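Here is a sequence together with a model predicted from it:
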Amino acid sequence: MCGIVGFIGHKPVSRLIYHGLFAIQHRGQSSAGKLTYDGNIHVTKDEGLVRDIFNDEKKIDTPGNVGLGHTRYSTAGMDDVESLKKNAQPEYLVNPFLAAVHNGNIINCGEIKNHSPRKPRTECDIQCLLLPMADQLYKKELSAEIIFDACKNVMLEVKGSYSSLFLADSGDFPYLFAITDPHKIRPLVLGKQDGMYCLASETRVFKKTNFEYVKDIPGGSAIIIDTEGHVWEKQLIKKQETPCMFEFVYFAKPDSRIRGRSVHDVRVQLGRNLAKKYPIKADIVVPVPESGRRYALGYSLESGIPLDEGIMKDKAERSFIQQKQESRDRVVQEGLSFLRAVMEGKRVILVDDSIVRGTNVRRLVNGVRRAGAKEVHIRIGCPPLIAPCYLGIDMRSRKEFLARNENGDIKTWEEICKDVGADSLAYIESDDLEKVIGFSVCKGCVDFPDGYPKDLKKTVLDLYMKDTDGKRAYEE
């Protein structure tokens, strides 16, 4: 799960990319980068956060009326500093000149790399889109139709999820173009402003850059834009769209919209649903910051139990997307403070978005009890996560899920409740989650394997059988 942004138009785009990267920093915190193009390639990328990488004006202001930006959450490659540096995006080739950024996960990278005469420079699965696309465009005079043909050929070859942006050189007229996987697992939206265009992972980028939302790019589509503002779009492969439910549950910011649905509204309604189905007598509702806030608001509004801020978050990092367990532990341990003045002697309903590994929830329950809470009741806005995501979220092995026991069997809610030390625990149910969102979504990680798109079911089952502790099954 990464953040991508691309701008094109009649004036320099570097500052727009820079501000766009801040708007999607939450989607990836392992590395970031931007590339602009004016006949020369201007690229800065590194491991770390946007604010640390772009720490002087020369890196922020680079020439070019077209460019790409990326914040990376790694689902491929190693997690040491050197690997994170090496796998930072944007990535590019010079013959032909083609730059790219990617959000998603390609699960047949091994065979794709074997088909191309080009050798990948990194471990990241951006190579599985960049190399075949370059092969398709090599020695061709670019036009919209040529690019559409190349996009379709690449899309027929790759399996997995992708919303990817490309920058292609065509003499004095470069193109910005994008492709989306047929199921539209990963989001991609189009915005405009005074002849300038933007493609981005989330609509909140438009608010930060004063662009106007135009549309969500459909699944299986390619869209092409030039510097004069001409736009070509074609749906090349048509299948049922099933966006990732975890975008609504956790990854997207509340001020974004996906297919017209407010992420804020979905989370509030999920909280209301939890209060209706799993009420409990309590004194206060306490959100787990930041991702639990909207669920807690909905629970409070529906139940009538007052909401109070019993936990303070001191760090900007998101624990779930940390690459290593020790990093997750550090973010949780150093990043939260518990307010005794709010919770002492109270029956507390603790509301969060999801439970994956259990890193957060055990420490949260302990922290709330140490702050004097008389009871701790947990309500979760996502069904129990039981299987790895093979489409862009770094849940590597079924053995790491709190909802499974040592034998791999799925625990009851009562067993999980006892495990984390709570007085009661309830999750949103899978059918209710989809009903609140309002359309079909990919739920492979909570309803395995039936929650995946049907045409990917056999592939994910094969990957599941290869599953070993701590290793991503789709990596060789």
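In hand now; what should we look at? Since we're looking at a predicted model, the values are computed, not measured. Residues are numbered from 1 along each chain as shown.

Quick check: closest non-adjacent residue to Val356.
Leu385 (5.2 Å; Cβ to Cβ, 6 or more residues apart in numbering). C-beta here means a position set from N, CA and C on the backbone, and glycine is covered the same way.

Sorry, wrong one. I was asking about Lys276.
Per Cβ to Cβ, 6+ apart, closest to Lys276 is Glu302, 6.1 Å.

Also Gly408?
Spatial nearest neighbour of Gly408, chain neighbours left out: Arg398 (6.4 Å); criterion: Cβ to Cβ, 6+ apart.

What count of nearby residues applies to that neighbour?
Arg398 has 20 neighbours, counted by other Cβ atoms under 10 Å.

do the same with Ile223
Neighbourhood size, Ile223 [other Cβ under 10 Å]: 25.

Give me the pLDDT value at it.
pLDDT, Ile223: 98.

For it, name its beta-bridge partners.
Ala178, Glu233 (DSSP bridges).

tell me which element Glu302 is part of?
In this assignment (DSSP states H and E), Glu302 forms part of helix 293-303.

and the next element down the chain from that helix?
Using DSSP H and E, the helix or strand that directly follows helix 293-303 along the chain is strand 311-313.

hang on, isn't the residue nearest to Val356 packed against Ile393?
No: here Leu385 does not reach Ile393: they are 9.4 Å apart, not a contact under Cβ atoms under 8 Å.

Between these two, tell me which one has more neighbours.
Applying other Cβ under 10 Å to Leu385 and Ile393 shows that Leu385 carries more neighbours, namely 26 against 23.

what's the spacing between that one and Met395?
In this structure, Leu385 and Met395 are 7 Å apart, going by Cβ to Cβ, to the nearest Å.

who touches both of those two?
Shared contacts of Leu385 and Met395 (Cβ atoms under 8 Å, 6 or more residues apart in numbering): 356, 401, 445.

Closest one of those residues to His10?
Cys445 (43.1 Å; Cβ to Cβ).

any idea how far the residue nearest to that closest one when sequence neighbours are not counted is from Ile185?
Nearest non-adjacent residue to Cys445, counting by Cβ to Cβ, 6+ apart: Cys389, 4.7 Å away. Look at Cys389 and Ile185: by Cβ to Cβ, they are 10 Å apart.

Got the domain ranges for this structure?
Domain assignment for the chain by automatic domain parsing gives 3-241, 261-465.

The longest one spans what distance, first to last residue?
If I follow you right, that is domain 3-241. Using Cα to Cα, to the nearest Å, the end-to-end distance of domain 3-241 comes to 20 Å.

same deal with stretch 241-257?
Using Cα to Cα, one end of stretch 241-257 lies 16 Å from the other.

For it, give the mean pLDDT please.
96.

Same check on stretch 408-424?
96.

just stretch 385-392 next, same as before
On average, stretch 385-392 scores 90.

So what would you say the end-to-end distance of that stretch is?
Start-to-end, stretch 385-392 (Cα to Cα) is 15 Å.

same deal with stretch 88-95?
Distance across stretch 88-95, first residue to last, is 20 Å (Cα to Cα).

Next: stretch 365-377.
First residue to last in stretch 365-377 (Cα to Cα) measures 9 Å.

go on, stretch 273-285?
Per Cα to Cα, stretch 273-285 runs 15 Å from first to last residue.

how far does that stretch sit from the chain's center?
A distance of 29 Å separates the centroid of the chain from that of stretch 273-285, by Cα atoms, centre = their mean, to the nearest Å.

Please identify the buried residues of that stretch?
By 16 or more other Cβ atoms under 10 Å, the buried positions in stretch 273-285 come out as 273-275, 278, 280, 282-285.

same thing with stretch 257-267?
Neighbour counts using 16+ other Cβ under 10 Å place 257-258, 261-267 of stretch 257-267 among the buried residues.

do the same with stretch 351-358
351-357.

Would you mind pulling the contact partners of it?
The contact list for stretch 351-358 (Cβ under 8 Å, 6+ apart) reads 246, 249-250, 267, 271, 274, 285-288, 291-292, 295-296, 299, 320, 325, 328, 360-361, 364, 378-382, 384-385, 395, 400-403, 416, 419-420.

and the residues you listed, which are buried?
Neighbour counting by 16+ other Cβ under 10 Å classes 246, 249-250, 267, 271, 274, 285-288, 291-292, 295-296, 299, 320, 328, 360-361, 364, 378-382, 384-385, 395, 400-403, 416, 419-420 among the contacts of stretch 351-358 as buried.
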